[in-house]
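Asker: I would like to see how this sequence folds:
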Amino acid sequence: MEFQLLGPVELIGSPHRVDLGAPRQRAVLAALLVDVGRVVTPELIVDRVWGGEPPDGVRRSLHAYVARLRRALREAGTGNVPLVHRSAGYTVDLPPERVDLHRFRDLAARGERESLRAALELWRGEPLAGITGHWADRMRRTWQRERLDTVAAWASAELSAGNPSAVLAPLTELVEEEPLAETLAATLMRALALAGRQAEALDRYTVTRQRLVEELGVDPGPALREAHRAILRGELGPEAAPAVSPSATAVPAQLPGEVAAFTGRDEELAALDAVLAEPGSTAVPVAVVSGTAGVGKTALAVCWAHRARDRFPDGQLYADLRGYDPERPADPADVLAGFLLALGVPPMEIPLRLDERAARYRTETSGRRILILLDNAATVEQTRPLLPGTGTCAVLVTSRDSLAGLVALHGARRVDLGLLPRDRSVALLRRLIGTRVDDEPAAAAVLADQCARLPLALRLAAELAAARHPATLSELVTELADQRERLDRLDAGGDPRGAVTAVFSWSLRHLRPAAVRLFALLGLHPGLDLDEYAAAALAGEDLRATRENLALLVRAHLVHAVGARRYGMHDLLRVYAASTVDGDGGPALTRLFDHYLGTAAAAVDVLHPAERHHRPPVDAPATAVPDLSTPDGALSWLDGELPNLTAMAAHRDGARHAIRLSGTLFRYLDRGRYLRALTIHAHAIEAARRAGDVAGEAVTSYHLGTTHLQVGRLEPAADKLARAVELFGRVDDAPGAARAAGTLGLVEALLGRYATAHTHQLQALEGIRRAGDRHAEARALTSLGLVEGWLGDFPSSFARHEAALERFREFDDRVGEATALANLAEAQLRAGLLSAASANQRAALELFRRIGHPAGEAWALNGLGVSLVREGRPAEAIPLLREALTLARQTGDRSGEVWALNGLGEALTAAGDAAAAVEQHRTARLVSRDTGERHQQARADAGLARACRALGDAESARRHLASALAGYAALGMAEADGIRAELAAP
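Answerer: Numbers count the residues shown, from 1 in each chain. Sure, this is the predicted structure:
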């Protein structure tokens, strides 16, 4: 049996017909099924089903609906009734694949032609058919966008496979339903042209262009224009670029440094030239360098990539997939996020789902000559999402596996890398240690064989030979033979990895014990590299001794420098090192995690001293730490170690530290590092749940909810913050509950539920005052003032902000002071006090810039730009608003992006460029629909109306004004009166 949401809400597969009740009862079930397998709080169910103004007795109604649903499921013969009550709410306790929505997403995420087709076949009409309300409408829009993306991906796959006729009928039907979806229209044009129906394709362009102009007042976007040009030129190539324009300015250069003394692989380099050197066909050229560990796959790939770099002028991407790391293989979704950032995509535009990131990656690489080097892959699944979509790029993969799936399904060519021939192994030794090889040629040949002719082992042996001069090569050969016999590492088949292990052990035997111990402990580090302070913490040694031991390990080629006093390890060395740890390594990891947590706490204390009492108590590190005495030094350390802090939060032994790390880093991450924040706080919540730490779960839920707010994911924000309020209540933490309620109120306001928001904010202020926390009171005051300003209660709003300013200055909290100034200016702007608003925004902007707070800087720039527009100075406002938009996108602040887009649109209209303004407001409307900011949706419609009127399109202007009026009136906002006046004007 399974539940269906992609159509009427139904249960299918039962031997009996199942009546799930009236629409509202079905809505209760749908509100649970979208989060199947997870507990949904009653508050969230009520909000989804009844909206922001639920009737009296709504809890009784909810309980009644749940009881009826349980009875219906029991009568349906489902066995154990999956709808159950938990302490925090209700859940449908089933695997996600039993709900069509989740199975659709899983199939779509696979990205294959058959899975995409299967995903689309799950749709049975309008989702949540018959269910009304704001939440249901928003879900329908979101799922419909997912469906459109999936149709586009499926059609792209069919066209790539040469099947245009397969997509014509469904695309035609869908374009009729969504006539303004430019990507779909462009895909249909391509399909028609590929099917030989060029005249129909051109007619489709004409019809779509006319509708865009008439209904939105805009010209076709790049996808339609490129498809049109391609058809006119007679080109029947692959699809035009998707509607998302590539961020084509960034040219990544991520290749690792070249390997010194690379030798002996001329045939393999020539083979790679034959496969990859001249991309340009429709298929993506892919080469797989496969071979055993230590054979030099990475060295070969990096050497070839540097030689061919000029052939890829648009950049080179590199990722270590860590495929053979037993605990930490790279997640393709994380790799894609890094690639998209390197290609210039702002953090806020990076999608959450793997399939969406892969689609955006294909867009960004389309038509660009980029080399992608994927090192240390273990499986085809790890690499498939990382393949670009057009043949102008080239992909080079290294793996111990043959990756037959890449060869079979993606046409990859394999370059098998065997052991170096003996003469070339000796030649490599000669390049590394010079004429001693010629003095003892027989011993050199034996040494090459003892190293199994593996370049990694040969380099280690050469370093030993150089370090132990004047010992002869013959003496070294005898020592290594004894070591291999003692370790008994070789199996009967002569596995070359046994030789590597023997050489590792032999290399260590000639180091002092402290260096050997440090080498072993470095294998436990969860990140890709570390600094000397973290190494000292792992070893529990002083910094001077650690530096000396690291220098010995670098000289022995057992670790390598990756920057100023930073070190990394070859993956084979890392695994070997960890295997030699004496004991379980737990105490060393505890020292390391204590170091990271304690140093992070010290750094954040320097940056945000006024909020120290809000952070969890953390002991000072017992080992050496870098100089964190200045804000620049503290910020530099945090930025440099953020990947390692994230890895610590995700580590199975880091749960106890992850909970406190979330609270320690919260304010630092709140400066715009939202992608990392989402990861750290999510791991912290899971750690708290596993530990049964209700207080810890409350705090981390608050942090994750606040981060969702910052990136414009308002519904998840409301969910987490409501959960935080509940959990704080269970542990009698009234101040915590008050802080979470205050932030929840801000989310409610952005969602347009102002009355509920105001109630939450007042309750928060009252609770914080009872706790006597004057600093938290300042934050509550300025948040409440912001909401009261949006409600039009300006005297109260001004008073709240001014009181908050006084408190923040009392604590010397410059971030809080700047925030209160910007919020005060926002209220003054709405009240028409333009000069005062501009002055306060300038003061806020100066403070945000001085302390390095890009998210706040964007907020202040946006407010100042709007003030200048209202003062009749749009030309001065435009560059400020463009800067605000750039900063909001860089920091991932989707709410800030919407505000900046609308502000920029208003400035452009005022400056006489209404055509450009339309595009800004149109984008703002789309993004605000995703975030749920109804106020900004109405503002976008009002901006579109004024831009259309300036373009002489009175009919479109009136239509957009009517939409704006409906939005503002539903929110009870004063702007509705102004829109009514505009509509009444002749």
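Asker: center of this structure - which residue?
Answerer: Leu675 (5.0 Å; C-alpha atoms, centre = their mean).
Asker: What's the separation between that residue and Gly932?
Answerer: Note on Leu675: its distance to Gly932, by C-beta to C-beta, to the nearest Å, is 20 Å. C-beta: built from backbone N, CA, C; applies to glycine.
Asker: Next, the buried residues of the helix or strand encompassing the residue nearest to the centre of the chain.
Answerer: In the assignment (DSSP states H and E), Leu675 maps to helix 674-691. Residues of helix 674-691 classed as buried by neighbour count (16 or more other C-beta atoms under 10 Å): 674-688.
Asker: and it, how far out from the chain's middle?
Answerer: Relative to the centre of its chain, helix 674-691 is centred 14 Å away, using C-alpha atoms, centre = their mean, to the nearest Å.
Asker: continuing past it, what's the next helix or strand?
Answerer: helix 694-710.
Asker: picking that back up, closest to Thr623 out of the buried residues of helix 674-691?
Answerer: Using C-beta to C-beta, Ile680 comes nearest to Thr623 of those, at 22.8 Å.
Asker: who's in contact with the closest one?
Answerer: When contacts are counted by C-beta atoms under 8 Å, 6 or more residues apart in numbering, Ile680 is found next to Leu645, Thr646, Ala649, Ala658, Leu661, Ser662, Leu665, Leu669.
Asker: Then Ile878?
Answerer: Contacts of Ile878 (C-beta under 8 Å, 6+ apart): Gly865, Leu904, Ala907, Leu908, Ala911.
Asker: What helix or strand is it located in?
Answerer: Ile878 belongs to helix 874-891, assigned by DSSP H and E.
Asker: pLDDT on that helix, on average?
Answerer: For helix 874-891, mean pLDDT is 88.
Asker: what's the next helix-or-strand element following that helix packed up against?
Answerer: With elements assigned by DSSP H and E, the helix or strand that comes after helix 874-891 is helix 894-910. Applying 3 or more C-beta pairs under 8 Å, 6 or more residues apart in numbering; DSSP states H and E, we find helix 894-910 packed against helix 854-870, helix 874-891, helix 914-931, helix 934-950.
Asker: And the helices in the stretch 201-350 of the chain, which stretches?
Answerer: Along the stretch 201-350 of the chain, counting by DSSP state H, counting those that start in this stretch, helices occupy 222-232, 266-276, 297-307, 332-342.
Asker: Run a quick check on Ala803 versus Leu784, I expect a contact.
Answerer: No: Ala803 lies out of contact with Leu784 (C-beta atoms under 8 Å); the separation is 10.0 Å.
Asker: Give me the more crowded residue out of these two.
Answerer: Neighbour totals were compared for Ala803 and Leu784, and Leu784 leads with 27 against 17 (other C-beta atoms under 10 Å).
Asker: And the host helix or strand of that one, what's buried?
Answerer: Assignment of secondary structure by DSSP H and E places Leu784 within helix 774-790. For helix 774-790, burial by neighbour count (16+ other C-beta under 10 Å) applies to 775-790.
Asker: Kindly report the same for stretch 538-552.
Answerer: Leu538, Ala539, Glu541, Leu543, Thr546, Asn549, Leu550, Leu552.
Asker: Which ones among those lie within helices?
Answerer: Leu538, Ala539, Leu543, Thr546, Asn549, Leu550, Leu552 (DSSP state H).
Asker: got the contact list for the fifth one?
Answerer: To tie it back to what came earlier, the one meant is Asn549. Counting by C-beta under 8 Å, 6+ apart, Asn549 has contacts Arg512, Ala514, Ala515, Leu518, Ala539, Glu541.
Asker: Quickly list the domain ranges of the protein.
Answerer: The chain breaks down into these domains under automatic domain parsing: 2-120, 266-416, 422-509, 513-583, 853-984.
Asker: The ones you listed into TSV, with extra columns for distance to Leu829?
Answerer: Shown next, in TSV, are these (distance: least, C-beta to C-beta, whole Å):
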stretch	distance to Leu829
domain 2-120	26
domain 266-416	24
domain 422-509	64
domain 513-583	45
domain 853-984	6
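Asker: Can you say which of those domains is nearest to His595?
Answerer: His595 sits nearest to domain 513-583 of all the domains of the chain, at 3.5 Å, using C-beta to C-beta.
Asker: Quick check: end-to-end length of the closest one?
Answerer: 16 Å (C-alpha to C-alpha, to the nearest Å).
Asker: i'd like the first residue to be 10 from this point on
Answerer: Let's use 10 as the start, then, which means that last one is domain 522-592.
Asker: Measure how far it is from the centre of its chain, please.
Answerer: With C-alpha atoms, centre = their mean, you get 30 Å for domain 522-592.
Asker: Quick check: which ranges of the stretch 160-309 of the chain have low pLDDT?
Answerer: 225-228, 230-232, 242-259, 286-291 (pLDDT under 70).
Asker: Who are the contact partners of Glu735?
Answerer: Glu735 makes contact with Thr50, Glu52, Ala97, according to C-beta under 8 Å, 6+ apart.
Asker: what's the distance between the last one and Glu365?
Answerer: Plainly put, Ala97 is 30 Å away from Glu365 if you go by C-beta to C-beta.
Asker: Comparing these two, which residue is more hemmed in?
Answerer: Remark: of Ala97 and Glu365, Glu365 carries more neighbours, 18 against 14, as counted by other C-beta under 10 Å.
Asker: got a list of what the residue lying closest to Ala545 once chain neighbours are set aside touches?
Answerer: Excluding the flanking residues, the one nearest Ala545 by C-beta to C-beta, 6 or more residues apart in numbering is Thr555, at 4.0 Å. Counting by C-beta under 8 Å, 6+ apart, Thr555 touches Leu527, Glu541, Ala544, Ala545, Ala548.
Asker: repeat that for 6 Å
Answerer: If a contact means C-beta atoms under 6 Å, 6 or more residues apart in numbering, then Thr555 has Glu541, Ala544, Ala545, Ala548 as its contacts.
Asker: now do His622
Answerer: Taking C-beta under 6 Å, 6+ apart as the definition, His622 has no contacts.
Asker: before we move on, the earlier item: tell me the one of the contacts of Asn558 nearest Glu209?
Answerer: Distances from Glu209 to the contacts of Asn558, taken by C-beta to C-beta, are shortest for Leu527, at 70.7 Å.
Asker: Now for the residue nearest to Arg107 when sequence neighbours are not counted, how many residues are close by?
Answerer: Counting by C-beta to C-beta, 6+ apart, Glu11 is the residue found nearest to Arg107 once chain neighbours are left out, at 4.8 Å. Glu11 is flanked by 14 other residues according to other C-beta under 10 Å.
Asker: Enumerate the beta-bridge partners assigned to Glu11.
Answerer: Ile21 (DSSP bridges).
Asker: pretty sure it contacts Glu106?
Answerer: No: judged on C-beta atoms under 6 Å, Glu11 makes no contact with Glu106 at a distance of 8.0 Å.
Asker: send the alpha carbons of stretch 753-767 over as CSV?
Answerer: Written as CSV, here are the backbone C-alpha positions of stretch 753-767 (Å, rounded to 0.1, in the frame of the first residue of the first chain):
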residue,chain,number,x,y,z
LEU,A,753,9.8,32.7,15.3
GLY,A,754,7.9,36.0,15.4
LEU,A,755,10.2,37.5,12.8
VAL,A,756,9.7,34.4,10.5
GLU,A,757,5.9,34.8,10.9
ALA,A,758,6.1,38.4,9.9
LEU,A,759,8.1,37.6,6.8
LEU,A,760,5.4,35.0,6.0
GLY,A,761,2.8,37.8,6.3
ARG,A,762,1.3,36.6,9.5
TYR,A,763,1.8,39.9,11.3
ALA,A,764,-0.7,39.4,14.2
THR,A,765,0.8,36.1,15.2
ALA,A,766,4.3,37.6,14.7
HIS,A,767,3.5,40.5,17.0
